[in-house]
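>>> Quick one: sequence and predicted model below, then my questions.
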Amino acid sequence: MILAVGLCTVDLVQRVDSLPAPGEKVQSTSVSLAAGGPATNAAITMALLGAQVRLVTALGSHPLADLARRDVEAYGVEVVDVLPERAEPPAVSAVSVRRSDGERTVVSHNAAGVGVSAWFNMSDVDTVLLDGHHPELALNAAREAVGPVVLDAGSWKPVFPDLLPHVDVCACSSAFRDPVDCPVVTWTNGPDPVRWQAGADTGEVGVEQVRAVDTLGAGDVWHGALALGVDRLGRVPTGADMPALIAYANQVAGVRVRYEGADWRHELR
């Protein structure tokens, strides 16, 4: 069992010929509504690739929360909602995707103002993936984990100083500038090679160049594939493991960017 802990949003995605300038109105060519968020996209990715996955998040009873829950569960992910009675709507992301190259803009409230701490079952969990958006949930999972802990560190979050001592694999984006003291660290940088460090070993793995039509959630998909690779190893990776793990994550993320919206999910099935 892989446990994913973090954010679940409702993504309202509109594809446009050009991203709007301030004060400008543009006509979209398509509209979609689906569950999103770092931990959620990663959980769906892992489930589509054959893993048994549990997502721990905060949704509530709002109709939009039901939409997100049904969407995630449709891919075989077990959803544990730690705030089932919450009446407010879940986090909603307003996304515009430029058709020519898949570049996007995202406006989201994320988990701001949603404080939650809860106990959840980890007796059958082998690997943990965290995105840090629900800090107390992340800390609880990291402290109780008996197997590898993977952190999606796409951007700095206040909980990281407390969380990082419990992390085995820290997956950073190029925007992550702070020093990272973890057994294994990776740095993604869009289409550029992925750098990695495992103890004294370092290296980089190239990224296949593909025509991107939608980059939304590509990093989340990459993190999900990496966490699944770690889970299949059954231990913290060594330097000898990293090139193959990263190549696999690159391959899966490459599928995501070649498809519009949620169509990548069908390709992985």
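Sure, I can see it.

>>> How about residue 81: what's its closest non-neighbour residue?
Using Cβ to Cβ, 6 or more residues apart in numbering and skipping the chain neighbours, the partner closest in space to residue 81 is residue 59 (4.6 Å). All C-beta spots, glycine's among them, are computed from the backbone N, C-alpha and C.

>>> number of nearby residues for that neighbour?
27 (other Cβ atoms under 10 Å).

>>> my read is it is in a strand, agree?
No - looking at residue 59 with DSSP: H, G, I helix; E, B strand; the rest coil, it is coil, so not inside a strand.

>>> Hmm, residue 106 is touching residue 97, no?
No - look at residue 106 against residue 97 with Cβ atoms under 8 Å: they stay out of range, at 9.6 Å.

>>> which neighbours do these two share?
Counting by Cβ atoms under 8 Å, 6 or more residues apart in numbering, the contacts common to residue 106 and residue 97 are residue 216.

>>> out of these two, which sits in the busier spot?
residue 97 (25 against 16).

>>> Contacts only, for the more buried one.
Contacts for residue 97 (Cβ under 8 Å, 6+ apart) come out as 13-16, 103-104, 214-216, 260.

>>> any weak-confidence spans in the stretch 1-150 of the chain?
Where the stretch 1-150 of the chain drops to pLDDT under 70, the residues are 110-115.

>>> what's the residue nearest to residue 81 in contact with, if anything?
8, 65, 68-69, 79, 81, 83-84, 86, 90.

>>> Wasn't residue 70 part of a helix?
Yes - applying three-state DSSP, one finds residue 70 inside a helix.

>>> Count residues in the vicinity of it, would you?
That count, for residue 70 with other Cβ under 10 Å as the rule, works out to 11.

>>> Check the gap between it and residue 33 for me.
To residue 33, residue 70 is 12 Å away according to Cβ to Cβ, to the nearest Å.

>>> ok, residue 69 - how many residues close by?
Residue 69: 21 neighbours (other Cβ under 10 Å).

>>> okay but it is in contact with residue 78, surely?
No - in this structure residue 69 lies outside contact range of residue 78 using Cβ under 8 Å: 10.9 Å.

>>> can you give me the strands for this protein?
2-5, 9-16, 28-36, 53-57, 78-81, 92-98, 104-108, 127-130, 149-153, 169-173, 184-189, 192-198, 201-205 (DSSP state E).

>>> out of those, nearest to residue 244?
strand 201-205 (8.9 Å; Cβ to Cβ).

>>> before we move on, back to that, mind giving me the PyMOL command for buried ones among the contacts of residue 59?
A single PyMOL command selects the buried members of the contacts of residue 59 (16 or more other Cβ atoms under 10 Å):
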select buried, resi 8+65+68+69+79+81+83+86+90
